[in-house]
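Asks: Structure, please.
(chains A and B)
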Number of protein chains: 2
Amino acid sequence: MTDAAVRENIHPRKPATNKRTPVGGAPTLAHTAEEAHEARIDIPAVTDLLLGTWGDTRRQAREMIKDPAFWRIDGQPMPEHRERVLGQLRLLVENDGSRRAFPKEYGGLENNGANLAGFMELVLADPSLQIKSGVQWGLFGSAIYQLGTKKHHDAWLRDVIELDLPGAFAMTETGHGSDVASVGTTATYDPETEEFVIHTPFRGAWKDYLGNAALHGRAATVFAQLITGGVNYGVHCFFVPIRDESGAMLPGIQSEDDGVKGGLNGIDNGRLAFDHVRIPRFNLLNRYGDVAADGTYSSEIASPGRRFFTMLGALVQGRVSLDGAATTGTALALYIALTYAGQRRQFDSGAGSDEVVILDYGKHQRRLLPLLAQNYAQFFSNDELLRKFDAVFSGRSDTPEEREDLETLAAALKPLSTWNALSTIQEAREACGGSGFLAENRMVGLHQDLDVYVTFEGDNNILLQLVGKRLLADYAKQFKGADAAKLASYAAKQTAGKVFHGAGLRRLGQAVADFGSTARSVELGLRAEQQHELLAGRVEQMISDIAARLRPASKASPAEAAAIFNANQAELIEAARAHGELLQWEAFSDGVAGIADRGTAQVLTWLRDLFGLHLIEKHLAWYIINGRLSTQRAASVTRYIDRLVARLRPHAQDLVDAYGFEPEHVRAPIASGAERERQEEARAYYAALRASGEAPVSEKSRGKK
Amino acid sequence: MTDAAVRENIHPRKPATNKRTPVGGAPTLAHTAEEAHEARIDIPAVTDLLLGTWGDTRRQAREMIKDPAFWRIDGQPMPEHRERVLGQLRLLVENDGSRRAFPKEYGGLENNGANLAGFMELVLADPSLQIKSGVQWGLFGSAIYQLGTKKHHDAWLRDVIELDLPGAFAMTETGHGSDVASVGTTATYDPETEEFVIHTPFRGAWKDYLGNAALHGRAATVFAQLITGGVNYGVHCFFVPIRDESGAMLPGIQSEDDGVKGGLNGIDNGRLAFDHVRIPRFNLLNRYGDVAADGTYSSEIASPGRRFFTMLGALVQGRVSLDGAATTGTALALYIALTYAGQRRQFDSGAGSDEVVILDYGKHQRRLLPLLAQNYAQFFSNDELLRKFDAVFSGRSDTPEEREDLETLAAALKPLSTWNALSTIQEAREACGGSGFLAENRMVGLHQDLDVYVTFEGDNNILLQLVGKRLLADYAKQFKGADAAKLASYAAKQTAGKVFHGAGLRRLGQAVADFGSTARSVELGLRAEQQHELLAGRVEQMISDIAARLRPASKASPAEAAAIFNANQAELIEAARAHGELLQWEAFSDGVAGIADRGTAQVLTWLRDLFGLHLIEKHLAWYIINGRLSTQRAASVTRYIDRLVARLRPHAQDLVDAYGFEPEHVRAPIASGAERERQEEARAYYAALRASGEAPVSEKSRGKK
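Replies: So this is what the prediction gives:
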């Protein structure tokens, strides 16, 4: 095939009379007779699907936050905003919003999945409220509950739930963020007095960025190196009172205010330092490690490494919750931008007198609809994550393996959904032009508040690196005891296509026989099964390629080994991202598979296809370079996406309506119907002017030069 | 070649002892004996290069804004911030900052290039100051100067310069942003009284988002449809007083406050509406179109379309200025993030006891250094734009063709630099983790303030679409009078590689003979000349492909033609972006070509290569699909980037120091050296503890399980 012929196939010049050409050019036109009669989606059914397993709790939370007392006030100065959010936490207590995760004997409801589902929705009211609640009950309260034992629960849990004991979660230090194992704060046991001495040995060991630390916290759960008998047993958590009833700092405790932040200014983030502060032995949260009166250390978990990760793993709910909140916040931005895009008119098309609704522009469909598909995928994957979380934390299936799977899943999904939130909210705001920049239209505030989600509760890149290491470990398990030759032979076979999860991979796209001139056949090689093969095959090959490149490290010096790993770090993170994308795609597909209604199933299948193709397009060069897609097939990916966005365009409003938001959740004037009214008023004005015969004629039509 | 062999070539497994392997693994290690002796860059010389043609003015502006009175105060409530920025404008007047663009007879300095160069630097003090200055002198003042005539200059310019007459630039309406030609506001001439009647006929025709409209403006330059004698002569600009000396609205004028925005809250953006407001005929800014006392319209420019674009073109400086300000703001974020990355330590490498400086991580180099290269490119391309602007506006080379070129250049560069600002500032903030989210470290504020740069002064996508249309028009000129067959034959020949700008394009990368096992040969096909061919070839082919697909439109109905254009809109915008990237690359290359110092030239050539390869990697799938790069060569692009970032890593601090910022410009505590002190204090603490013999031993080293 000559290059010219290849190009001709890539960009076939079809006659303009062909109904299917140009791709994307007739957005509201159905593509086949069958599709012309397609049902619309069943909106309430899709809302149920999106709200997922704990939909009832989500609806309760949404009902509660219709009260304007919960809403963010744009431009409110920081001090007032902080007090307002503290007051909102009290309202949450009154509305049972603080008790779902805790045991019944302390006033709790013992429903872990529902707890997180309810918290996620608070992002619609004010993300500061969501995160400050998370600090109080998801971090400070959880540390006491998950890392402490009955005596601690008896002592503090009821007050925590009722907000009579507001607290900070003092893990991060100025000098150490994601590397928690290296925190500098020490807790040295003194057997003479049966006390721990909590101490900040240098400036970098100040606890930092802690919600409730600058103002409202009366205690803190402090992570410190536990030292007893001259031995450092690693990081443990301690309950440390920091303020008295009047709000004054207790002796030896220093606090600084982190001041204004990029967002979340309803939270009083701050720093804490400890100058040889003594706390009773009782205050060691001793579920996973204890110190006897004489200073003897004991733990059920012998390995220091496993003990450390078990403690951190008990706090995984933060990541699960952020994944859901980011997904809901993104949905709100998409609701606003797509609703506006369906009402706003701008520029005439040259084909008539009326201006064009901006969602009818090819570029506008292209910039927003793939993000809508991605957001739908996240709803499904978050529900899966939530179910897994509930299964583990309810005790129904709480094994070390399940915990590890849960942590890996959370570490894979949270980075993707939080980054997607920022890029989608930004695109949504830009798609609304100047009106998108006004605070009243919500999107800029959402972006500012959600910004930090990508680096807190585990920096996204660090989390993905953890996932990548887990994938490498799983991969290596296949070669237990295998010698190097065996591994090399396996690596060579890889290219022939044996897959990770057992699914057989056949190489796609090299056979160009089915690549003809009709648009329909273009899609044949890009249906669900092939999307899955492409997405899964990429994860698998990236991991096996990285593993092969890391092999020399096992025989290298530590410095050389570190250098080899470092050279592969960026790609390992990329492989983990590919894994997360695969998980989202699978969850979306599972969700679609269960839909009975034909119209709904059809539209959501298109949307799932758009998501899959969007992912494949993002990494298109990789697929070609690695022989997974022929260049012809690769070129058809973009064309197929063009077809899909055009096909989905008439369903856009239905799809965002299915998020189930009510006006009290949206609150953006541009998505209220006001824009439609304005545009219609303008059109009516010009129509009346034309009808009156008094309209000024245009200079051009007057025949003057 | 089998697939396995291809893969083997893509990921060659070299022995770990090879000094050059792993790529990127030994970041500070020189790659050849020659490079080991490389000179560092000459920092002051590079500063001169970056500050460009009007470096002296930039230095003056930077000196002036060392005064804290010019600095943004984080978290300052909006009302105080607005008054503060108004006060800063008065300080600017005192410092001659307002007069550079204006004629000497009104107190000006008649130096257009210097004027914009000076304004751009204000972004370092407070972007609200930069933009409010831009509203007063760059838009309101420029409209009077550029669209008015001597009588208007005599009447108002001196007061504008001295800020005795603050004004709003009333172009955009709620219902019409980028489509200025369709504004609804009317200016109907009444020959009886020799007045224009300015009127807002419906809600969507309210002027909106106008700086100085909510509070400080005493007049506005209002764009309205000029109607006289029953004929609409299109959009013209009128001087309309809106407030009296006491600040009260004048009769018939209504104002609303746009309220809190995503950023730039030091500016009082608002809305204006006019209820049959009468202004004297004198107030028509009549440089390009006039109305006689009897209502007769006249203009030197016969074509209504050309007249409209000439008027808008007179205001191009806003875009030139934003391109520069975005570039400077981005530089500040990179300075902060890279300085921090060179001081911050996190995680030990496993190879020794010390923690690793984060800029030594492969991923960290990969995420920041290509953005540094991109920012350098922007400095060079902005200076080129500025020189062109100065040449046209000084009158030295003011022809319609030069004006059109200037407008196209501005429309191509402003979108790229403003989008790059947002993505780079965001990456920089994330690279600083939690400390990046604190307002004191500047990056979140920069992102918030610069956000709207991507949609104001011309929405970025709309501007790129204009550029795309210009490229199509230039392309079509080659076929003037050519029949369809000729065009088709040309299009077919395209694939063989005739290029736009005359440069011969040979197809690259298909010959794999030079693709051997040494890293050096990998780069042979990706040197400057080839980078240029790839970048230029992409623009040219995209445009000719789009032109071919648009051909049927000429014979189609208006509706079909519109649909065909719409189907190609997204790709046309992408082609324009490719054109802008090419221009940036060329400007960078021209800048590097003039460097005499060997070390500086070497390092900046690497940086230019990194920019070029970064662009090529972004569009890698396109290059493969279109036969411009073989898959082997494509795979080597990523490896080459890995090598380049490792090579540039030791120069990172020099390269950001060359921005020439002083502490009063940076003001971010994390880039002040405080982080280095903290990290060193912590290391010293642990070293002393180890030396004392009193350090607690680790549980593991104690030999306990």
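
Asks: In the stretch 201-350 of chain A, which residue sits closest to chain B?
Replies: residue A:262 (2.9 Å; C-beta to the nearest C-beta). C-beta here means a position set from N, CA and C on the backbone, and glycine is covered the same way.

Asks: What sits closest to that residue if chain neighbours are left out?
Replies: residue B:444 (2.9 Å; C-beta to C-beta, 6 or more residues apart in numbering or on different chains).

Asks: Which elements pack onto the helix or strand that contains that neighbour?
Replies: Secondary structure assignment for residue B:444, by DSSP states H and E: helix B:443-450. Applying 3 or more C-beta pairs under 8 Å, 6 or more residues apart in numbering or on different chains; DSSP states H and E, we find helix B:443-450 packed against helix A:443-450, helix B:127-133, helix B:317-341, helix B:400-431, helix B:433-437.

Asks: Averaged pLDDT, the last one. What do you get?
Replies: Along helix B:433-437, the predicted confidence averages to a pLDDT of 97.

Asks: Name the residues that touch it?
Replies: A:172, A:174, A:177-178, A:208-209, A:261-263, A:451-452, A:455-456, A:459, B:337, B:340, B:428-430, B:441, B:443-444, B:670 (C-beta atoms under 8 Å, 6 or more residues apart in numbering or on different chains).

Asks: do the same with the first one
Replies: For helix A:443-450, the surrounding residues in contact (C-beta under 8 Å, 6+ apart) are A:72, A:74, A:123, A:126-128, A:262-264, A:325-326, A:329, A:332-333, A:336-337, A:418, A:421-422, A:425-426, A:428-429, A:432, A:436-439, A:668, B:261-263, B:444, B:448, B:451.

Asks: out of everything not next to it in sequence, what's closest to the most centrally placed residue in chain A?
Replies: Centre of chain A computed as the mean C-alpha position; nearest residue by C-alpha atoms, centre = their mean is residue A:417, 2.2 Å away. Nearest residue to residue A:417 in three dimensions, chain neighbours excluded: residue A:326, at 4.4 Å (C-beta to C-beta, 6+ apart).

Asks: who in the stretch 301-450 of chain A is up against chain B?
Replies: A:302-304, A:346-352, A:355, A:360-363, A:366, A:422, A:426, A:429-430, A:433-440, A:443-445, A:447-448 (C-beta under 8 Å from any C-beta of the partner chain).

Asks: What's the ChimeraX line that selects buried ones from the residues you listed?
Replies: Here is the ChimeraX command that selects only those of these that count as buried (16 or more other C-beta atoms under 10 Å in any protein chain shown):
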select /A:304,346,347,349,351,355,360,361,362,363,366,422,426,429,430,433,434,435,436,437,438,439,440,443,444,445,447,448
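
Asks: what sits against the residue in the stretch 51-200 of chain A positioned nearest to chain B?
Replies: Nearest residue of the stretch 51-200 of chain A to chain B, counting by C-beta to the nearest C-beta: residue A:75, 3.6 Å away. Applying C-beta under 8 Å, 6+ apart, we find residue A:75 in contact with A:439, B:77, B:78, B:259, B:260, B:265.

Asks: And for residue A:104?
Replies: residue A:110.

Asks: what's the distance between it and residue A:157?
Replies: 11 Å (C-beta to C-beta, to the nearest Å).

Asks: Per-residue pLDDT of the residue of the stretch 201-350 of chain A closest to chain B, please?
Replies: 98.

Asks: lowest average confidence, helix or strand, in chain A?
Replies: helix A:3-10 (a mean of 36; mean pLDDT, DSSP states H and E).

Asks: Contact partners for the residue lying closest to residue A:462 once chain neighbours are set aside?
Replies: Distances taken as C-beta to C-beta, 6+ apart put residue A:178 closest to residue A:462, at 4.3 Å, once the chain neighbours are dropped. Listed by C-beta under 8 Å, 6+ apart, the contact set of residue A:178 reads A:458, A:459, A:462, B:346, B:347, B:433.

Asks: Just name the closest of these to residue A:133, please.
Replies: Set against residue A:133, the nearest of these by C-beta to C-beta is residue A:458 (19.0 Å).

Asks: Please name every helix or strand in contact with whatever helix or strand residue A:545 lives in.
Replies: In this structure, residue A:545 sits in helix A:528-550 according to DSSP H and E. Judged by 3+ C-beta pairs under 8 Å, 6+ apart, helix A:528-550 is in contact with helix A:460-477, helix A:484-494, helix A:558-567, helix A:569-593, helix A:598-618, helix A:620-625.

Asks: Using CSV, write out every CA atom in the last one.
Replies: I take that to be helix A:620-625. Output of helix A:620-625 as CSV, limited to C-alpha atoms (Å, rounded to 0.1, in the frame of the first residue of the first chain):
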residue,chain,number,x,y,z
LEU,A,620,-2.5,6.0,20.9
ALA,A,621,1.2,6.2,20.1
TRP,A,622,1.8,3.5,22.7
TYR,A,623,-0.6,1.2,21.0
ILE,A,624,0.9,1.7,17.6
ILE,A,625,4.5,1.5,18.7
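
Asks: coming back round to it: out of the helices and strands packed on helix B:443-450, nearest to residue B:242?
Replies: Taking the helices and strands packed on helix B:443-450 one by one with C-beta to C-beta, helix B:127-133 is closest: 16.8 Å.

Asks: list the helices and strands the closest one packs on?
Replies: helix B:78-94, helix B:112-121, helix B:317-341, helix B:443-450.

Asks: how about 6 Å then?
Replies: With contacts taken as 3 or more C-beta pairs under 6 Å, 6 or more residues apart in numbering or on different chains; DSSP states H and E, helix B:127-133 sits against helix B:78-94.

Asks: Going by contacts, tell me the helices and strands next to the helix it packs on.
Replies: Using 3+ C-beta pairs under 6 Å, 6+ apart: helix B:78-94 touches helix B:127-133.

Asks: Run the chain-centre distance for the helix it packs on.
Replies: 16 Å (C-alpha atoms, centre = their mean, to the nearest Å).

Asks: so after that helix, what's the next helix or strand?
Replies: helix B:141-142.

Asks: ok now that following helix, how far from the chain's centre?
Replies: 22 Å.

Asks: What helices and strands are in contact with it?
Replies: Using 3+ C-beta pairs under 6 Å, 6+ apart, helix B:141-142 is in contact with no helix or strand.

Asks: How about stretch A:595-614 and chain B, any contact?
Replies: No. Stretch A:595-614 does not reach chain B (C-beta under 6 Å from any C-beta of the partner chain); its nearest approach is 13.2 Å.

Asks: which of the residues in the helix holding residue A:545 are buried?
Replies: A:530-550.

Asks: Likewise for stretch A:648-661?
Replies: Those would be A:648-661, for stretch A:648-661 by 16+ other C-beta under 10 Å.

Asks: from those, which single one is nearest residue A:231?
Replies: Using C-beta to C-beta, the buried residues of stretch A:648-661 come closest to residue A:231 at residue A:659, 54.0 Å.

Asks: Now do the contacts for that closest one.
Replies: Each residue near residue A:659 by C-beta atoms under 6 Å, 6 or more residues apart in numbering or on different chains is listed here: A:331, A:335.

Asks: For my notes, confirm it occurs in a helix.
Replies: No. Counting by DSSP: H, G, I helix; E, B strand; the rest coil, residue A:659 is not part of a helix but coil.

Asks: Tell me the confidence at it?
Replies: pLDDT, residue A:659: 98.

Asks: returning to that earlier point: neighbours around the residue of the stretch 201-350 of chain A closest to chain B, how many?
Replies: When neighbours are counted by other C-beta atoms under 10 Å in any protein chain shown, residue A:262 registers 23.

Asks: Now do the contacts for it.
Replies: Residue A:262 neighbours (C-beta under 6 Å, 6+ apart): A:448, A:451, B:437, B:444.

Asks: quick one: which two of those are the most distant?
Replies: The widest separation within the contacts of residue A:262 (C-beta to C-beta) is 9.9 Å, between A:448 and B:437.

Asks: So which of the helices and strands packed on helix B:443-450 is nearest residue B:577?
Replies: The nearest among the helices and strands packed on helix B:443-450, by C-beta to C-beta, is helix B:400-431 at 6.8 Å.
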